[in-house]
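*Asks:* Give me a model of this one.
(one chain, ligands or ions: 1)
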Amino acid sequence: MTMVSPDFSAQVPVTMVAAVTRDGGLGRSGQLLYRISADMKHFKSLTMGHPLIMGRKTYESFPGGPLPGRLNIVLTRQDIALPEGAAVAHTPQEALDIAASYIAGRQQDVAGDEDATRGGICGSVMVIGGGEIYKMFMPLASRLELTEIDAPAPADTDTWFPEVDPARWSEEAGSILQADPRSGVSFRFISLRNRLLRDIH
Ligand SMILES: NC(=O)c1ccc[n+]([C@@H]2O[C@H](COP(=O)([O-])OP(=O)(O)OC[C@H]3O[C@@H](n4cnc5c(N)ncnc54)[C@H](OP(=O)(O)O)[C@@H]3O)[C@@H](O)[C@H]2O)c1
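*Replies:* Below you'll find the model as predicted:
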């Protein structure tokens, strides 16, 4: 698959976080394919404190509004009003600019706080879906944090993750396969690095 270069650019590192079946399935009817409690906790720990970029449909899939403790930047072509904790962006560049300002502000807030700076607090923007948004940001992403679900996508899956080209992406770390007691599916967490992008982390 040839990747089209986007006409927008990031001043901050871009990490994409997704839970994907082994054939790339992401969602159906506006919802996740599987609700895995360990994955929800993993997602929370990866994203807490970071600015998040998401599509309007993904934002609307959250039952309780914006995810707390993170700036929720919502891409939409419409004029919509969002509650505190969320910001509208009408273009991918605007979303990245809002994220970069948020990161700069947070870094100023924690300057001098050694614990926070040692932990690399909120140094990158997290792109959290859905399918349209992953596709758009994939060429800019320097890292992928994937939950690999060891199951095929159900037949009614309607949203897919872009192809992960092994020539571009190398696996840097991976957990062992574990089973989710509720859904019965097995999954593992993997971190991949884009070997074609200069790492700005
Ligand atoms: N498995 C996972 O990790 C994961 C993660 C996230 C989401 N999901 C699933 O993915 C599905 C949603 O994904 P989706 O692809 O249907 O929708 P989406 O990517 O969440 O949102 C699409 C919307 O983003 C806006 N948008 C797209 N491109 C834009 C651009 N260039 N400029 C401005 N706005 C733009 C548009 O909003 P407007 O229509 O308002 O203009 C568009 O309708 C759900 O099933 C969800 O549960 C899965």
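*Asks:* so how far is stretch 170-180 from its chain's centroid?
*Replies:* Averaging C-alpha positions (Cα atoms, centre = their mean, to the nearest Å) puts stretch 170-180 17 Å from its chain's average.
*Asks:* Report the buried residues of it.
*Replies:* Using 16 or more other Cβ atoms under 10 Å as the test for burial, stretch 170-180 gives Asp180. Every residue, glycine included, has its C-beta placed from N, CA and C.
*Asks:* Contacts for that stretch, please.
*Replies:* Applying Cβ atoms under 8 Å, 6 or more residues apart in numbering, the set of residues contacting stretch 170-180 from outside is 34, 36-39, 150, 185-193, 195.
*Asks:* Quickly note the distance from Ala89 to Tyr34.
*Replies:* Between Ala89 and Tyr34 the distance is 29 Å, computed by Cβ to Cβ, to the nearest Å.
*Asks:* Would you confirm that Thr157 belongs to a helix?
*Replies:* No. Going by DSSP: H, G, I helix; E, B strand; the rest coil, the assignment for Thr157 is coil, not a helix.
*Asks:* Now for it: which residues touch it?
*Replies:* Thr157 neighbours (Cβ under 8 Å, 6+ apart): Thr21, Gly25, Leu26, Gly27, Arg28, Leu33.
*Asks:* redo that, cut-off 10 Å
*Replies:* Thr21, Asp23, Gly24, Gly25, Leu26, Gly27, Arg28, Ser29, Leu33 (Cβ atoms under 10 Å, 6 or more residues apart in numbering).
*Asks:* any idea which of the residues you listed is the one closest to the ligand?
*Replies:* The closest of the contacts of Thr157 to the ligand turns out to be Gly27 (Cβ to the nearest ligand atom; 2.4 Å).
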